[in-house]
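Asks: I need the structure of the sequence given here:
(3 chains)
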Amino acid sequence: MSTSSLGATDQLGTPPAGPAPLVAEIGGGRWGDVWRAISRNKKALAGVLLLLVFVVLAIFPGQIAPDDPAAQVYTPALGPSWHHLLGTTGRGEDVFSQLVWGTRMSLVIALAVGALATALSVLIGVSAAYLGGIADGILSLITDVILVLPIFPLIIVIAAYRKNSGLFTLIVVLGALGWSYGARQLRVQALSLRSRDFLESARVRGERKAYVILFEILPTMTSLIVATFLGSALYAVLTAAGLQFIGLGDPNSQSWGTMLYWAQNGEALFAGMPLWAIAPGVCIALLGASFALLNYAFDEISSPALRVRKLDRARIPKRLPPPAEAPQAGAGPVLKVEGLSVAYATDAGPVVAVDDVDLELARGEFLAIVGESGCGKSTLLYAIARLLGSPLPGEIVGGRVLFQSKDLVLLEERELRRVRWRDLSVVMQSAMNALNPVLTVAEQMRDACRAHSNMSRAEIAERSREVLRLVSIDPVHLHSYPHQLSGGMRQRAMIAMALLFTPDLVIMDEPTSALDVVAQRSLMVQIKELQERLGFAVIFVTHDMSLVSHFSDRLLVMYAGQVAEMAQTRELFDRPRHPYSQGLLEAFPSIRGPKVRLLGIPGAPPDLARPPAGCRFAPRCAHVQPRCTAAEVPLTSVNGSVVRCVLAENAP
Amino acid sequence: MRFVVRRLGFFVVTLWAAITANFLIPRLMPGNPALAMMARYRGHINPQALHALEIAFGVKSHQSVLSAYFSYLGNVFRGRFGISLTFFPDAVSHDVLQALPWTLALVGVTTILAFLLGTLIGLVSAWRRGGMLDSLLPPIFVITSAFPYFWLAMLAIWLFAIKFHWLPQSGGYDFTTTVGWTWAFVGDALKHSVLPALTILVTSIGGWILTMRNNTISVLTEDYVRMARAKGLSPWRVMWTYAGRNAILPNLTGFAMSLGFVVSGAILVEFVFNYPGVGWMFLQSVENQDYALMQGLFLMIVLAVLTAILAADAATALLDPRTRDLK
Amino acid sequence: MRPRGERALSEALLRTEGLTRHFHVGKLLSRQTLHAVDDVDLTIGRGEIVALVGESGSGKSTIARLLALVYRPTRGEIWFEGRPLSRLRGRKSRLAYSAAVPMVFQDPYSSINPAYRVSHGIVRGMKLHRGDLSRSERGAELNRVLDSVGLVPAGETRRRFPYELSGGQRQRVGFAQALALRPKLIVADEPVSMLDVSIRVGVLNLMGELREQEGVSFLYITHDVASARYLADRILVMYAGHLVEEGPTEDVLQRPKHPYTQLLVSAVPDPRAELGLADARDVGEPPKVVDPKPGCRFRQRCALAVAECETVTPQLRELGDGRRVACHVAG
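Replies: A predicted model of the protein is given here:
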């Protein structure tokens, strides 16, 4: 039942106190924040300003327009002049005045239909999602039917039977037929919210359904509701203009669509009065554009993935580059990382997620990297594999990754591709996400083989079966899609894929943390066996120190983007030197031995945007001394281990 | 399989809803325009035309509403929509079939083209995030997607037909050429379709670009894309089979959902260009109060949209194995 | 049945009898029944911490939701303070039960509404269940519960938004929400599994302290056997919807009787012990309990299985010293 147990793991380098989600800003009534977000976004700003202009025109047309829009008193078909900024119509009216007066109707239609359609969308979409079952089935079917029915022709049919019906009828019809798109989207979002624990929490508390919908669900959907409003307003402006244009509105009303109707009837374009036809269209387009821009900008503000941030390298504290060194060929470590630093951009400036990490990996060695959420362990891993990029943002800002006598940091993507998978493969946390859902296991294996070898189809199939057997999967599953396999099998299939070419190094990012404890142990044993048999080296990232205690040769403990301690696994478990390592070891209870009261580690890891001066663990450390915070603490070597702690400096 | 059956069921339900709406609208309007119209025409037009109206509205003075409804359904399924007043004494079905090829050629081809092109541009601009294409096209098309179709059509006529005389301003072909499968006629028809096609393309492509771009951006953050990079696949392969194929799935749904909107625009474009398709004829029938023809054309439009949606569903089933396994 | 109910009334705070919950899966034509929880008898005493352990899909979260009235039992009864819940009539008595048995959720990132300040859930709970409190009393109570879960200074915390808190702090807010209702039993569904190792123990300790100070009982649902040992007086082990073993925590974990419990205990990674490789070949996939036939649900993975296991579902047997096990062979 605990499907979300994969969330137990590293939050991929996001700082703990991340930027506020938009919903929180709005729901919490922080309109100041909303305004700040809008003013930072050029598209939003343009949209708001445009809309404001139209609002002013709609409220004060009498003060702004020079003439009576309906008075046919001027010479027809005049060109633009000071008296008639946009010329006159073929019927002798002032074009500019008509435009100004026409604003009101378009805006009223936009806002009224927007409000009506949004209200219906919310009511129907959210109820469908929340009620579920048959009610959901029926409401969704109605929504979908209305959605795919061509609304505009339908409205024309209705209007054909009831010509010149008033503004009110128009608004009701447009609203009654225009809610379905929003309802569908709101339903999807509400459905995804339905499984959120805070709604369950409200139900368990004993809240009534109406309360849950109105006060728990709706406030968290603010941004989508706003988008629905903007979308329906845009639809209303365009549809109403279309209806008026073909003569199904009131021909004597003042609106942009009606102007276009008369312009078309008066052959404005052929008779040399292009402004009469162009100007109303420009207004419709501008009003529509203001809604479209706001919608687009809102999308960007509320889903940060759409925003591009640029890393400001100048603001990253400089580190001395590691001394140059001729890469040795042949024997020696399979991987050597020197002074590797990774930073990513946030609204508050650059954040150094991995800071000056050195490590070495011998052939066939199993190195485990442990640490808490946000300590940079996954970022380090993907930096080594040169796989940074959304959703794990970051750029390597310093250091070297020497692999097979090449510095991976400097390699072009084209050259990197030759190293990838043949010599260095990757196993990710959740195979459900890491396997392409639309390709079979066989196709995904074939992809990798094709990219790196000239194997024939039959050879590829044979090799694929072979690696599946290595991880105890029946080769019949070769032609399964990922969603057809069980969780444990998917994870094994991904490991099989990583072994297609028996690489020198396999990088593993919590490959077992989504599994239950029995399956987890079984997979760990299998990984270890394969590693010993095939002789590849492993870097294994995990948040669970005890998981690797029997499997890894060495252990690297990371804290706040830095190496806190690196030692032989047994040594680190028996004699942890860094207070953080000690704290971690004492933080989890054991199922054997005497029961002792544990304390954990007080406090929380630091915000990497503002790391504490000196030792980054000092604020949580029981042994803190004045010199800890005075200056950065360097790594010290003690009996083959390295430790970043002043206490170790004194040790013999 | 279940997916296909379900979508077919949806097709039938929606078609039924449209037919029913068609039947009910004239009756539900205040003052029952159907009966009023019949009363007005009785004695003024010949019995054949009156009978056409009867079929269009499903009205026979002595029938109950329910039996009128069923005889109406029967007529619709046999393709009997009555007789057109505009093109008297043509059967409505005959007129509809006359107009259909023009619309399929113009709107159908243009819409598919816009979808494919928009999807491609969206994919590439998301793939090269912040590049030339990405910083230029999406913002432009956000704005053009808010343009009224018919206004852009007018603008195109004014600019390219009246000012520069590059292309013909209206109609589907020159009346001096004879209709038939000759090079002269096809070439002429193509020339006439350039402006309306461009108008539809420019206004509808923006939506596809934006949704595909946003889909791709979110798909690019998926682990399987990173995995594909880790496998050392060529960027081409990653973009198409890993990012593109997954990102297009929601876009196909989007295609189905916004088709109605595109068709609305296309109707107006045909109207402005006097293009002899379904949309133009539809508005003609509205203007001439030719209700039989109007209703027949409306059902034709619904049928076309639904067929396109079914095609999009089939494509989804083809591209996404998960829908095929849907239980 | 009746006499047993009377007897248990004196000691148990909450007791279930034959608690069963099935879900329908599949569509109309291929309807199947998923047996999430089958025939579970459990008791929780006053001031007792009971751990319910099992793998994902074993039905432990369903039990939590049955106790929290999210689901209705398919069969069986829950007795709270000697009264059967099926006879709760009216919103008022349901509310009274909800206040006595609140729930704390697994995911600290989704269990608090992001649109409101931290105080929202706590205050709502008091408005619903303790309508007699005045506005200022509610404020004082808000500060008190925030204090007792260690979110100090309370006056500062209550104005925060959830995104401004860390996972551990959010989970403490969850406990504060429960505490504001003056509960008798808190159902905690995997409350620490999504927290970082360094702060997990703090939340476990908090539960222990709340039991000491407020006399609250806990049903602690977890897949982490070691944390169950740390916290709980008694442990219940679930497998595929069945309760397979129960007893005093230390007893069960040091001398597990059921083969599944043995497998589970041996699979717990423990740096302080030798690697237990005995059953490492077991790939660890429990069955999906859809339309099950009688028989032991563990039999396919069990080394001890005999013919009887194929046909007869083992019932919990008393082994003395409060231990019970559902196995034909072990004992």
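Asks: which strands or helices does the helix ranked longest in chain A pack on?
Replies: Among the segments of chain A that qualify as a helix by DSSP state H, the longest is helix A:95-131. For helix A:95-131, the elements it packs on are helix A:42-59, helix A:61-64, helix A:133-148, helix A:167-177, helix A:180-194, helix A:222-245, helix A:256-265, helix A:274-302, judged by 3 or more C-beta pairs under 8 Å, 6 or more residues apart in numbering or on different chains; DSSP states H and E. (C-beta placed from N, C-alpha, C; glycine too.)
Asks: can I get these in TSV with distance to residue C:273, mean pLDDT and mean neighbour count?
Replies: Listed next are these as TSV, based on distance: least, C-beta to C-beta, whole Å; pLDDT from 0 to 100; neighbours: other C-beta atoms under 10 Å in any protein chain shown:
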stretch	distance to residue C:273	mean pLDDT	mean neighbour count
helix A:42-59	59	90	17
helix A:61-64	84	82	12
helix A:133-148	49	88	16
helix A:167-177	69	87	18
helix A:180-194	42	87	21
helix A:222-245	51	89	25
helix A:256-265	80	88	24
helix A:274-302	50	84	23
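Asks: can you redo those as TSV with distance to chain C?
Replies: Formatted as TSV, the helices and strands packed on helix A:95-131 follow (distance: least, C-beta to the nearest C-beta, whole Å):
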stretch	distance to chain C
helix A:42-59	21
helix A:61-64	39
helix A:133-148	11
helix A:167-177	27
helix A:180-194	9
helix A:222-245	7
helix A:256-265	38
helix A:274-302	12
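Asks: closest one to residue C:214 among these?
Replies: helix A:180-194 (32.2 Å; C-beta to C-beta).
Asks: one step back: okay, the helices and strands packed on helix A:95-131 in TSV with distance to residue A:386 next?
Replies: Shown next, in TSV, are these (distance: least, C-beta to C-beta, whole Å):
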stretch	distance to residue A:386
helix A:42-59	33
helix A:61-64	60
helix A:133-148	44
helix A:167-177	52
helix A:180-194	33
helix A:222-245	35
helix A:256-265	55
helix A:274-302	28
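Asks: and of these, who's closest to chain B?
Replies: Proximity to chain B (C-beta to the nearest C-beta) singles out helix A:274-302 among those, at 3.1 Å.
Asks: which residue does the stretch 151-300 of chain B have closest to chain C?
Replies: For the stretch 151-300 of chain B, C-beta to the nearest C-beta, closest residue to chain C: residue B:221, 18.1 Å.
Asks: run the chain-centre distance for stretch A:577-595.
Replies: Chain-centre distance of stretch A:577-595: 36 Å, with C-alpha atoms, centre = their mean, to the nearest Å.
Asks: stretch A:213-223 near chain B at all?
Replies: No - taking C-beta under 8 Å from any C-beta of the partner chain as the criterion, stretch A:213-223 and chain B are apart, separated by no less than 14.3 Å.
Asks: next one: stretch A:538-554
Replies: No - in terms of C-beta under 8 Å from any C-beta, no part of stretch A:538-554 sits within range of chain B; the closest distance is 13.4 Å.
Asks: average pLDDT for that stretch?
Replies: Mean pLDDT, computed over stretch A:538-554, is 92.
Asks: that stretch: end-to-end distance?
Replies: 11 Å (C-alpha to C-alpha, to the nearest Å).
Asks: ok now that stretch, how far from the chain's centre?
Replies: Distance, centroid of stretch A:538-554 to centroid of chain: 29 Å (C-alpha atoms, centre = their mean).
Asks: residue boundaries of the strands in the stretch 51-200 of chain C?
Replies: Assigned by DSSP state E, counting those that start in this stretch, the stretch 51-200 of chain C shows strands spanning C:75-80, C:83-84, C:103-104, C:185-189.
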